[in-house]
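Asker: sequence first, predicted model second:
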Amino acid sequence: MTKESTDYSSEASTSKDKDSEFSPQILGALYKDYSGDFSSKYFSAAMVASSVKNIKARGFTRDNLLWGYYQKFAVSDPTDQSKWGKSALYQNWESAVAEAREGLAKTLVDRNLPGPDPDNPSARARNMLEHLDTAVRIALFDKHLPGSPVDSGIEIEVVVGVQAEHSRRHKVTTSWRNAANNPSDPKYKYDKLTIVMTCPRGGWIGPVVWKYNGRSRFTKYTASYKVPAAPYDSGQILFIFNGLESLPDPRQSYPPGILQPVLQWTSPPDGWAIRSWYVPSTYTPSFDMMPGLNDERRFTNPASPAWTRAKKVNPGDLLKGVIEWDGMSYRSSFDGTTDATLLAPNILPLTYPVAVIEAYKFGNRNDLVDVTMNNIRLELEDSPGVPVEPTWEIGTEDDNPSDHIHYGTGKLQRYKIDAKNNNTTLVFKRKGAP
């Protein structure tokens, strides 16, 4: 279905998988460790000015500062992992940040909340990632604590939680605290920025994305793969798909979304089945109430979800997921069958290709499956009929970085993913599986 991310919930820490390489126990509190062991110290009122000095000394400026990239440089020696409290937090930082940033870039800004600039709250960011980046730039470069005319930086409090129910998207809010005595100088007007980040439970545990930044929309996206053998069933939900997403557009009143021909696994007697989905980013389904195989929700508008009836398939069946744009509407389907065909007119242009294994309510690797997608083909509107080679981002696994600072961006994913044959083949293999 939709985004997003690795399951770091407290529930995950009780996983029946005892293999430490795969178990999420050590990762369950990753984001919370950051707010408790690191951020509350180095971005406290007492230390933030010193931390900002260190960040500036490493070449960060107001123009290039982005959330996630500067934190390791708040300390005087960024290679000293002991300053972070827990080595897992330090060594998995790049992976957690890459995941959060990729998701927040697709998250629409809540129009009911103020913008990121407290002095101009009506100015909106294009998406929640830009909102967060702007807020931390203002807090660290534009604002000063009382008695600090030269050294910039105000306290940043980070509050981290986990979604109460199974979900797939990060949520972020920011708020500013007025300084005492209401100073007239805007650089002293606020003395604290609070960032609240709520993390997903379940989601895209094996994602591949192409962050295409051209102007042309995609007119065709196909991928072939076999239905895997049935996994060990413990009530989990699995989605396997090639999909096309749109990105937030502040000029439009409706949200971005994703169109996807999906192979899904739900608990027996359902098993494997295919159906197409259109899901706007604002849709927050209950994964305890999955649509039945015969349920259908027709497309009505870009702000509402839609799905087709499902058709059961068997292990070993060859599938070809297809997304097409005909100049008027997008269509999601599986080649060779009229089942699972969904038309989605008047949605935002789909400019962001993905290939994904998504999961909820799983316990260990035996609840998951391996998949190889072959014959991946993408075509653009400005070059009809001509395939383009995607530039997939599949994450890295660097355990011994040469600079002793930047570790792999794929270390938290449940899958090792390889791209082959000029990026037309993607191999999804569960980490730790034989």
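Answerer: That came through, no problem.
Asker: where is the longest helix in the protein?
Answerer: In the chain, assigned by DSSP state H, the helix with the most residues is helix 93-104.
Asker: in that helix, what counts as buried?
Answerer: For helix 93-104, burial by neighbour count (16 or more other Cβ atoms under 10 Å) applies to W93, E94, S95, A96, V97, A98, E99, A100, R101, E102, G103, L104. Quick note: C-beta positions are derived from backbone N, CA and C, even for glycine.
Asker: now do stretch 362-381
Answerer: 362-371, 373-374, 376-380.
Asker: can you check stretch 335-355 too?
Answerer: Here stretch 335-355 shows 339-340, 342-344, 347-355 as buried, counting by 16+ other Cβ under 10 Å.
Asker: now the two most distant members of those.
Answerer: Across the buried residues of stretch 335-355, the longest distance by Cβ to Cβ is 27.5 Å; it joins D339 and T351.
Asker: which of the buried residues of stretch 335-355 sits closest to K56?
Answerer: Set against K56, the nearest of those by Cβ to Cβ is Y352 (33.8 Å).
Asker: verify the contact between the closest one and L244 for me.
Answerer: Yes - counting by Cβ atoms under 8 Å, Y352 does reach L244; the two are 6.7 Å apart.
Asker: list the contacts of Y278.
Answerer: For Y278, the contact set (Cβ atoms under 8 Å, 6 or more residues apart in numbering) comprises G257, I258, L259, Q260, F299, P305, A306, W307, S332, L342, A344, I347.
Asker: what mean pLDDT does the helix or strand harbouring it have?
Answerer: Assessed by DSSP states H and E, Y278 sits inside strand 271-280. For strand 271-280, mean pLDDT is 96.
Asker: who does it pair up with?
Answerer: According to DSSP bridges, strand 271-280 forms sheet pairs with strand 257-266 (antiparallel), strand 306-307 (antiparallel), strand 311-312 (antiparallel).
Asker: for the longest one, what is the average pLDDT?
Answerer: For strand 257-266, the mean per-residue pLDDT is 96.
Asker: cool, and stretch 182-201?
Answerer: 90.
Asker: just stretch 92-107 next, same as before
Answerer: Here the average pLDDT along stretch 92-107 is 90.
Asker: now it, how far from the chain's geometric center?
Answerer: 6 Å (Cα atoms, centre = their mean, to the nearest Å).
Asker: where's the nearest residue to Y69 once chain neighbours are set aside relative to T173, distance?
Answerer: Nearest non-adjacent residue to Y69, counting by Cβ to Cβ, 6 or more residues apart in numbering: V97, 7.3 Å away. Noted for V97: a distance of 18 Å to T173, by Cβ to Cβ, to the nearest Å.
Asker: any weak-confidence spans in the protein?
Answerer: 1-29, 163-168, 201 (pLDDT under 70).
Asker: which stretches of it form helices?
Answerer: Under DSSP H, the chain gives helices at 30-33, 40-42, 48-57, 87-91, 93-104, 128-137.
Asker: any idea which residue is closest to the centre of the chain?
Answerer: G103 (2.9 Å; Cα atoms, centre = their mean).
Asker: verify the stated contact: that one with K171.
Answerer: No - applying Cβ under 8 Å as the test, G103 and K171 come out as separate, 9.8 Å apart.
Asker: list the buried residues in stretch 106-117.
Answerer: In terms of neighbour count (16+ other Cβ under 10 Å), stretch 106-117 has its buried residues at K106, T107, L108, V109, P114, G115, P116, D117.
Asker: which one of those is nearest D249?
Answerer: L108 (9.0 Å).
Asker: list the contacts of that closest one.
Answerer: Contacts of L108 by Cβ under 8 Å, 6+ apart are N127, M128, P248, P255, P256, S281, T282.
Asker: can I get those in CSV including neighbour count and distance to I323?
Answerer: Shown next, in CSV, are the contacts of L108 (neighbours: other Cβ atoms under 10 Å; distance: Cβ to Cβ, whole Å):
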residue, neighbour count, distance to I323
N127, 21, 23
M128, 25, 26
P248, 21, 20
P255, 20, 19
P256, 24, 15
S281, 24, 17
T282, 16, 21
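Asker: what's the closest of the helices of the chain to Y221?
Answerer: helix 93-104 (18.6 Å).
Asker: the closest one vs helix 128-137, what angle?
Answerer: 120 degrees (axes from the mean of the first three to the mean of the last three Cα atoms, to 10 degrees).
Asker: look up the closest residue to A139, ignoring the ones flanking it.
Answerer: L193 is the one closest to A139 (Cβ to Cβ, 6+ apart), at 4.1 Å.
Asker: specify the beta-bridge partners of that neighbour.
Answerer: I156, W176.
Asker: buried stuff in stretch 176-187?
Answerer: Neighbour-count burial for stretch 176-187, counted by 16+ other Cβ under 10 Å, picks out W176, A179.
Asker: do stretch 424-434 as well
Answerer: T424, T425, L426, V427, F428, R430, K431.
Asker: same check on stretch 310-328?
Answerer: For stretch 310-328, by 16+ other Cβ under 10 Å, it's A310, V313, L319, K320, G321, V322, I323, E324, W325.
Asker: which ones are touching the closest residue to the fifth one other than its chain neighbours?
Answerer: Leaving out its chain neighbours, the residue that sits closest to G321 by Cβ to Cβ, 6+ apart is P261, at 3.6 Å. Neighbouring residues of P261 by Cβ under 8 Å, 6+ apart: F241, N242, G243, I274, S276, G321, V322, I323, S332, S333, F334, A340.
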